[in-house]
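[1] when you get a sec, could you give me coordinates for this:
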Amino acid sequence: MKTELIVEKIIAITVTLLLLAAHCPRVMAQTDTIRLKDKRLIIANLKPGLRQYLVYFQNLKDDRRLRMSIWLRDVETGNRNGEELFTVTQHWYAADSASYRSTFSANRAADFMPVYHSETIGAKTKAFNWSATKIAGSDTVKNNLAKDFLLNVKEPYFNWNLDIETFEMLPLAAGKTFAINFYDAVSNTPEYAVYKVTGSEELATLDNEKVDCWKLFTEANYKGQHYTQTFWISKNSHEFLREEDFFNGGYRYKIKLAGAAPDVVKRFGK
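    Sure thing, here's the model as predicted:
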């Protein structure tokens, strides 16, 4: 009789453990939805200042050439009509002047809600005013190609052009998955993009200093092509330090440069 009771207990414990094991992956894979109304971004993590990145492309079928450019993102604070703002100015420089482009974005400092975004490539500019209910082409920007654009929205979107700043403010932790309602007004692609924390990795920086980073991963399809992206975000400073993308048979890398890199924008007088 005692033996039967012991066997029954063993079976009960085994079944319980199996159920817990089956349930754990679901808990670990639970998705955090990142929307403006939920105010889940850690705004204090976003620090003003200039960031510069070396961007280079590696075509696996061309082992004698790398395409390179310099990417600058300048985060500043400001005020408009009594409302505190973050502004982000971006510049892309390469050997070919035709590759140059610039963007300017403004967001509320309280919750990072977009209020304005413009992008200029060559002589072509698209500029948008953002609100909680619509995204509309700006009628005050000269020669705005998006002047007549209008998109009514049920909820406000984050600006996908500021994905890096958004990642730096996420509550990153092991096993977390985030669904972020991004929108890129220039390419007109509103969607919830899913990003997963796939682990940790130490990156070697100047003087071979080791920086422990979260690895944030996403994958999707764009124009019939599958792509993957991995972002390395410092656990301590919350800085975006590296990106590695794979698409169309090649890699794109973005590496944060040291603070000693000169501010070329100021020298151009822009």
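[2] which helices and strands sit right next to the helix or strand harbouring residue 266?
    Secondary-structure assignment from DSSP states H and E places residue 266 in helix 264-268. Where contact means 3 or more C-beta pairs under 8 Å, 6 or more residues apart in numbering; DSSP states H and E, helix 264-268 is packed against strand 66-80. Quick note: C-beta positions are derived from backbone N, CA and C, even for glycine.
[3] buried set for the strand it packs on?
    Across strand 66-80, burial judged by 16 or more other C-beta atoms under 10 Å covers 67, 69, 71-75.
[4] same check on stretch 124-143?
    Residues 125-130, 135-138, 141 are the ones in stretch 124-143 that count as buried (16+ other C-beta under 10 Å).
[5] dump those into a markdown table; add secondary structure as well.
    Below are those laid out as a markdown table (DSSP: H, G, I helix; E, B strand; the rest coil):
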| residue | secondary structure |
| --- | --- |
| 125 | strand |
| 126 | strand |
| 127 | strand |
| 128 | strand |
| 129 | strand |
| 130 | strand |
| 135 | strand |
| 136 | strand |
| 137 | strand |
| 138 | coil |
| 141 | coil |
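[6] what is the nearest of these to residue 48?
    Nearest to residue 48 among the buried residues of stretch 124-143: residue 130, at 20.8 Å, using C-beta to C-beta.
[7] re the thing from before, give me the contacts around the helix holding residue 266.
    The contact list for helix 264-268 (C-beta atoms under 8 Å, 6 or more residues apart in numbering) reads 70, 72, 74, 91, 93.
[8] so what sits opposite the first one in the bridge?
    On the basis of DSSP bridges, residue 70 takes part in beta bridges with residue 54, residue 93.
[9] which stretch of helix or strand covers the spatially most central residue of the chain?
    In the chain, the centroid-proximal residue (C-alpha atoms, centre = their mean) is residue 163; its distance is 2.6 Å. Assessed by DSSP H and E, residue 163 sits inside helix 163-168.
[10] give me the contacts around that helix.
    Counting by C-beta under 8 Å, 6+ apart, helix 163-168 makes contact with 34, 41, 45-46, 73, 75, 86, 88, 112, 158, 180, 182, 195, 216, 231, 233, 238-240, all of which sit outside it.
[11] now intersect these with the strands, please.
    When DSSP state E is applied, those are split such that 34, 73, 75, 86, 88, 158, 180, 182, 195, 216, 231, 233, 240 fall in strands.
[12] isn't the fourth one up against residue 75?
    I take that to be residue 86. Yes - using C-beta atoms under 8 Å, residue 86 makes contact with residue 75 at a distance of 6.3 Å.
[13] common neighbours of these two, please.
    By C-beta under 8 Å, 6+ apart, the residues touching both residue 86 and residue 75 are 46, 48, 165.
[14] dump the residue contacts of the first one.
    Translated: residue 46. Applying C-beta under 8 Å, 6+ apart, the residues contacting residue 46 are 75, 86, 112, 165, 168-169.
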